[in-house]
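Q: Here is a sequence with its predicted model. Questions after.
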There are 2 protein chains.
Amino acid sequence: MSNIPSSGLQLRSTITSGGELQLALVDTPVTAPSGDEILVKVEASPLNPSDLGLLLGAADLSTLQAVNGGVTAKVPAPAMRAMAGRLDQAMPVGNEGAGTVIAAGPGEKAQALVGKRVAMLGGAMYAQYRTVNAGDALALPADASAADGASCFVNPLTALGMVETMKMEGHTALVHTAAASNLGQMLQKICLKDGVDLVNIVRSAEQAKILKDIGAKYVLDSTSPTFVEELVAALKETDATIGFDAIGGGKLASQILSAMEQAQASKGGAYSRYGSTRHKQLYIYGGLSLEPTELVRSYGMFWGLGGWLLTGFMIKIGPEAGQKLRQRVIDELKTTFASHYTAQISLEEALKPEVIAAYNRKTTGEKYLIVPSKGH
Amino acid sequence: MSNIPSSGLQLRSTITSGGELQLALVDTPVTAPSGDEILVKVEASPLNPSDLGLLLGAADLSTLQAVNGGVTAKVPAPAMRAMAGRLDQAMPVGNEGAGTVIAAGPGEKAQALVGKRVAMLGGAMYAQYRTVNAGDALALPADASAADGASCFVNPLTALGMVETMKMEGHTALVHTAAASNLGQMLQKICLKDGVDLVNIVRSAEQAKILKDIGAKYVLDSTSPTFVEELVAALKETDATIGFDAIGGGKLASQILSAMEQAQASKGGAYSRYGSTRHKQLYIYGGLSLEPTELVRSYGMFWGLGGWLLTGFMIKIGPEAGQKLRQRVIDELKTTFASHYTAQISLEEALKPEVIAAYNRKTTGEKYLIVPSKGH
């Protein structure tokens, strides 16, 4: 087929056993899609917090240096142990993206997508071309741009996954931390639409305003001197007994469990030194703080804490339920799940030290989009 | 019925809002059993670690004082908050016990137990008489003494519950801490009998010897300088991905999860910064250390930590599965589930300051038994 390019640029991240991070654009052969595969010209791919971990690893970004079309940085020795599994591998990066299908294998599903704009999940999206299975792509509505569709998996499915997990595990309201993020705003919009009570925890008045502006009822600032009392009151009112925490380190996870227990205990019932029998659950799904998590176990015996990851959740609910969630994202792409980008950058710009410093700041509400066609 | 006494002594524990623990023997009316109730003359009831929490609360035992047939102690002010749910209530104590059925309601199940020696679960066992539902009692074999049957619920069902939880949650081997306890020895005996690999963690060579003497294969001393390496090696060999921790506070829980992850990661597979996809679970079922639990989250995203409590487990598996476990305890009462007691004490002795100090020491392998008939 004449429309298949022979090769395309792909961003690769390597951490060497010598302790150096190397980012480079590698010209990679493109092969003709077979079976149910589609070949997509990537038009947009976001830099999510979950991408930055793989992209930059444990590198010390104050040591970033432009080198021969790429960039390098030093990885501090104590952090190298956590990098052991990826040493000296040139890893492709980019969990999700959108683009146009320029070729397809003979499979029916694949052929049906030729010429269409699709959203994709599956890694290696920071590239000019990406071959994926048709089942890992979703056709976008005709009026959706690549930017509209580029972020339609990770944040939307994570936010929907939290609400589904809440229901599956028998809870009726939930708590969310670092709640003014792009993801947090989506979660609040879902909860407003679905009539689910959400207790948002943020760390500044500016962040609180972002959520109040979209209609949030419960927004608590953890830096307030009356935070704990306000949290207990909100948990009494909402009866929330599950929470999702993006921070991970420090005392907040334990404070939430403790406030849940106080709210449940206030309902009365016979004394038990094992606490209230309602199960209180907190999931850590991010690591904004890499400090240790400190648990002051003042919440009886009916509690749980654990990791939560979108891919694990999707496997648990199975393909049919997963497809329903994906369809909802497409249906509400320009409302509930609309993403806003701070800047659109090229693959080459994604390797510039000053641009890396900017997209790695993780400022609340800021988000960068890689547009591989830019400059080409 | 002439064999029903009008009253009997019952041990009561009160924490006053003024900050005082009061233990006393209270003469309590005995009423005729109705329906499926049985009236049991209590012959033996153990002082389990789980009883001591309710019995002594947060009292400072250096302030114990014999007072008017009872005993008092001061509760430090900072600990009073955790006591809020039980203030000024004279609470009966004693989770389990054994005795002889001296009267029964007209129900068939109750009548079938008249004259028999039974084991009971249900609280308020530190008493001369106890009325329970026939369903909460189990007839003991003819050759079982009250001492044999007194501890046949809490420790045996907890140990069996750990192995059942392991199976229910898809694991094939397990880890146990403070493993040389009465409970830990039972767990090792069950695992040897059922062919389940158990990694025991203890804190001294003496404790290790207790377990090795009953045939334990994996016994690690957490005070050893090579503990972490030994733990990872044992977890590789056994593939244990679930653990039960009696300690709670400190770093051990996190160390175990981390070692599980290292053992799983060593099996190879593609690199993921979310760690191995095998779920790693640790349950805290005791609180030998009341320090905060410190989690250094170096085990990816597929992990969980939580409280584990026998009563919650029994509700989860339902009455039929529960009955099977109970029957196994009775069947192996003098082998797998044999208990040994350091001393047998009367109700009156249980209130003496020097005796309280002795049974509260929680020395590994020591256990006291209350015998209400002693001295009467």
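A: Now that the structure is in, tell me what you want to look at.
Q: Show the contacting residues for the closest residue to A:G70 other than its chain neighbours.
A: With sequence-adjacent residues excluded and distances taken as C-beta to C-beta, 6 or more residues apart in numbering or on different chains, A:G70 is closest to A:A24, at 3.7 Å. Using the backbone N, CA and C atoms, a C-beta is placed for each residue, glycine as well. Contact analysis of A:A24 by C-beta atoms under 8 Å, 6 or more residues apart in numbering or on different chains lists A:L11, A:R12, A:T14, A:G69, A:G70, A:A90, A:L351.
Q: for the helix or strand that contains A:A24, which positions count as buried?
A: A:A24 belongs to strand A:20-29 when assigned by DSSP states H and E. By 16 or more other C-beta atoms under 10 Å in any protein chain shown, the buried positions in strand A:20-29 come out as A:E20, A:L21, A:Q22, A:L23, A:A24, A:L25, A:T28.
Q: Report the distance from it to the chain centre.
A: Put simply, strand A:20-29 sits 24 Å off its chain's centre (C-alpha atoms, centre = their mean, to the nearest Å).
Q: Keeping just the C-alphas, turn that strand into CSV.
A: Taking C-alpha atoms only, strand A:20-29 is exported to CSV below (Å, rounded to 0.1, in the frame of the first residue of the first chain):
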residue,chain,number,x,y,z
GLU,A,20,21.9,8.6,33.1
LEU,A,21,18.5,9.4,31.7
GLN,A,22,18.5,9.7,27.9
LEU,A,23,15.6,11.0,25.9
ALA,A,24,15.8,10.8,22.1
LEU,A,25,13.8,10.7,18.9
VAL,A,26,14.5,7.5,17.1
ASP,A,27,13.6,6.9,13.5
THR,A,28,11.7,3.6,13.7
PRO,A,29,10.5,1.3,10.8
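Q: who does it pair up with?
A: Paired with strand A:20-29 in the same sheet, following DSSP bridges, are strand A:7-15 (antiparallel), strand A:70-74 (antiparallel).
Q: Let me know which of the ones you listed is tucked in deepest.
A: Stretch with highest mean neighbour count among these: strand A:7-15 (a mean of 21; mean count of other C-beta atoms under 10 Å in any protein chain shown).
Q: Could you grab the helix/strand/coil label for A:T335?
A: At A:T335 the chain is in coil, as set by DSSP: H, G, I helix; E, B strand; the rest coil.
Q: per-residue confidence for it?
A: The per-residue pLDDT reported for A:T335 equals 93.
Q: Next: A:G269.
A: At A:G269, the model reports a pLDDT of 75.
Q: where's the residue of chain A most remote from its centre relative to A:Y299, distance?
A: Largest separation from the mean C-alpha position in chain A: A:A270, at 42.1 Å (C-alpha atoms, centre = their mean). Remark: distance between A:A270 and A:Y299 (C-beta to C-beta, to the nearest Å) = 17 Å.
Q: thinking again about what came up before, what's the separation between the residue farthest from the centre of chain A and chain B?
A: 9 Å (C-beta to the nearest C-beta, to the nearest Å).
Q: Now do the contacts for the one residue in the stretch 51-200 of chain A that gets nearest to chain B.
A: Closest residue of the stretch 51-200 of chain A to chain B, C-beta to the nearest C-beta: A:G85 (4.1 Å). Counting by C-beta under 8 Å, 6+ apart, A:G85 touches B:A265, B:Y271, B:S272, B:R273.
Q: Do I have it right that the second one meets A:Q89?
A: Yes - under the criterion of C-beta atoms under 8 Å, B:Y271 lies in contact with A:Q89, with a separation of 6.8 Å.
Q: What strand or helix carries A:D51?
A: With DSSP H and E as the test, A:D51 turns up in helix A:49-56.
Q: Next, the buried residues of that helix.
A: A:P49, A:S50, A:D51, A:L54, A:L55, A:L56.
Q: Report the contact partners of A:Y299.
A: Shown in contact with A:Y299 (C-beta under 8 Å, 6+ apart): A:L257, A:S258, A:M260, A:E261, A:G275, A:K280, B:G307.
Q: Give me the next element, helix or strand, following the longest helix seen in chain A.
A: In chain A, ranked by residue count with DSSP state H as the criterion, the top helix is helix A:310-331. Per DSSP H and E, the first helix or strand lying C-terminal to helix A:310-331 is strand A:343-345.
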